[in-house]
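Asker: sequence-free structure coming up:
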DNA sequence: GTCTATATGATGATAGAC
DNA sequence: GTCTATCATCATATAGAC
């Protein structure tokens, strides 16, 4: 028995493991144990399926962490959850980064963080730019591993790229490097916003 | 007369205007005034063409701005140029974000900024994370416009997303919003790194 | 709601003539 | 170095039986 929910779940797992190109209606139907045309009883087009995947991923972000604490702590907790949700599905990030458009979960996410900032006293222009800056950081870090992008062979770097002499080791420490870079950027950004806050705050 | 250079130029313009899916060997050949198989005299596979596009884009980043100035100014100028090069080809960003791998221009870029930071006294671990953090910001901001991602229709936001009441105006000010968010993040990040610098510097 | 059968067209890549 | 012809495969989507 097919349902929108089951189709989206299996489609997401194909997207995660083999990329957007691998997500064909045939492959999807086959892994669901049905034939391809059956999908069209639940979705009008393949595009609708992709929208379903996207909204489901963003819906995983816990927005309640924005409540009951000051804006800097809230922003940090929200950004971590946002990154965690996106980094679990890197192949979906280019699609997600096209903006909330009409997807409910993405609109709710944007609304929540913007509301938290303006209610804390940030002028609208700043709240917008802070929200955008955070999305840049989250999307950029979830799009693909920095450390993984280097090759595992020392001879590539020797001679021609002297400063990258130890870059082949990055892959071993992949997660520590990526998490560390994100946390460094996050704490630096939010710390900087806190320093800026008293000069622009309006009540 | 075909050449690798001409093929890459036309392929890039198709990628920019119509996306990765539109970049087929037939379309590419047709715009070059040749037939599809002729491309295979210059590239072994389509994948090689994509690598050529990627390296050409990264080669546009001016690395000389890293010389002759202190590391904070250098980092800011480099990041602006890096973003400018990527934002001119947003459809290529997901591909570029997979890392330098074996592409010469991307390796030279990573080598240059890492070298600048370590020579300025940043410990290797910090230089790596700063480089990664900058790439997150640049890639995230070049991947797609934040402001463009909202819909141009006020009725979408009313009621359900009260804080986004004015979000439909974002599109008018698209470039100002995106540039402003990037510049805010950039100056905040580099300012924060400057504050951190004296506590970790080694000579 | 799911199926079989099929329409219709694109894709990357190769063989072999010129 | 470019061409024509073609291979093998894949795609999304529809019609109509059960």
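Answerer: Done, it's in. Quantities reported herein were computed from a predicted structural model and do not represent experimental measurements.

Asker: near DNA strand D, which residues of chain A?
Answerer: Residues of chain A lying close to DNA strand D (C-beta under 7 Å from any atom of the strand) are A:23-27, A:36-37, A:40, A:45-47. From N, CA and C alone the C-beta is placed, and that goes for glycine too.

Asker: can I have the buried ones of those residues as a ChimeraX selection?
Answerer: Here is the ChimeraX selection string for the buried members of the residues of chain A next to DNA strand D, based on 16 or more other C-beta atoms under 10 Å in any protein chain shown:
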select /A:23,25
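
Asker: out of the residues of chain A next to DNA strand D, who's nearest residue B:138?
Answerer: Closest approach between the residues of chain A next to DNA strand D and residue B:138, by C-beta to C-beta: residue A:23, at 28.0 Å.

Asker: tell me the contacts of the closest one?
Answerer: Under the criterion of C-beta atoms under 8 Å, 6 or more residues apart in numbering or on different chains, the neighbours of residue A:23 are A:11, A:14-15.

Asker: once you drop chain neighbours, what's closest to residue A:102?
Answerer: On the basis of C-beta to C-beta, 6 or more residues apart in numbering or on different chains, the spatially nearest residue to residue A:102 that is not a chain neighbour turns out to be residue B:151, at 6.3 Å.

Asker: would you write a PyMOL line that selects the buried entries of the contacts of residue A:23?
Answerer: The command below creates a PyMOL selection of those among the contacts of residue A:23 that count as buried (16+ other C-beta under 10 Å):
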select buried, chain A and resi 11+14+15
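
Asker: from DNA strand D, how far off is the residue nearest to the spatial centre of chain A?
Answerer: Centrality entry for chain A: nearest residue to the mean C-alpha point is residue A:86, 2.9 Å, by C-alpha atoms, centre = their mean. Here the distance between residue A:86 and DNA strand D works out to 23 Å (C-beta to the nearest atom of the strand, to the nearest Å).

Asker: what's the answer for residue A:42, then?
Answerer: Note on residue A:42: its distance to DNA strand D, by C-beta to the nearest atom of the strand, is 12 Å.

Asker: please name the residues that touch the nearest residue to that residue once chain neighbours are set aside.
Answerer: Leaving out its chain neighbours, the residue that sits closest to residue A:42 by C-beta to C-beta, 6+ apart is residue A:4, at 5.2 Å. With C-beta under 8 Å, 6+ apart as the criterion, the residues that contact residue A:4 are A:42-43, A:52.

Asker: okay, these in JSON lines with neighbour count next?
Answerer: Converted to JSON lines, the contacts of residue A:4 look like this (neighbours: other C-beta atoms under 10 Å in any protein chain shown):
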{"residue": "A:42", "neighbour count": "16"}
{"residue": "A:43", "neighbour count": "18"}
{"residue": "A:52", "neighbour count": "20"}
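
Asker: closest one of the residues you listed to DNA strand C?
Answerer: When these are ranked by distance to DNA strand C (C-beta to the nearest atom of the strand), residue A:42 comes first, at 6.4 Å.

Asker: pretty sure the closest one sits against residue A:7.
Answerer: Yes - using C-beta atoms under 8 Å as the test, residue A:42 is close enough to residue A:7 to be in contact (5.9 Å).

Asker: outline the domain layout of chain A.
Answerer: Domains of chain A are assigned by automatic domain parsing as A:4-44, A:61-200.

Asker: save these as a markdown table, and put in mean pLDDT too.
Answerer: Formatted as a markdown table, the entries for the domains of chain A read as follows, by pLDDT from 0 to 100:
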| stretch | mean pLDDT |
| --- | --- |
| domain A:4-44 | 95 |
| domain A:61-200 | 97 |
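
Asker: need the winner for burial among those domains.
Answerer: Scoring these by mean neighbour count under mean count of other C-beta atoms under 10 Å in any protein chain shown gives domain A:61-200 as the most buried, with a mean of 19.

Asker: just to revisit the earlier point, of the residues of chain A next to DNA strand D, which belong to helices?
Answerer: Residues from the residues of chain A next to DNA strand D lying in helices, with DSSP state H as the criterion: A:25-27, A:46-47.

Asker: out of these, who's nearest DNA strand C?
Answerer: Each of these was scored against DNA strand C by C-beta to the nearest atom of the strand, and residue A:26 proved nearest at 9.1 Å.
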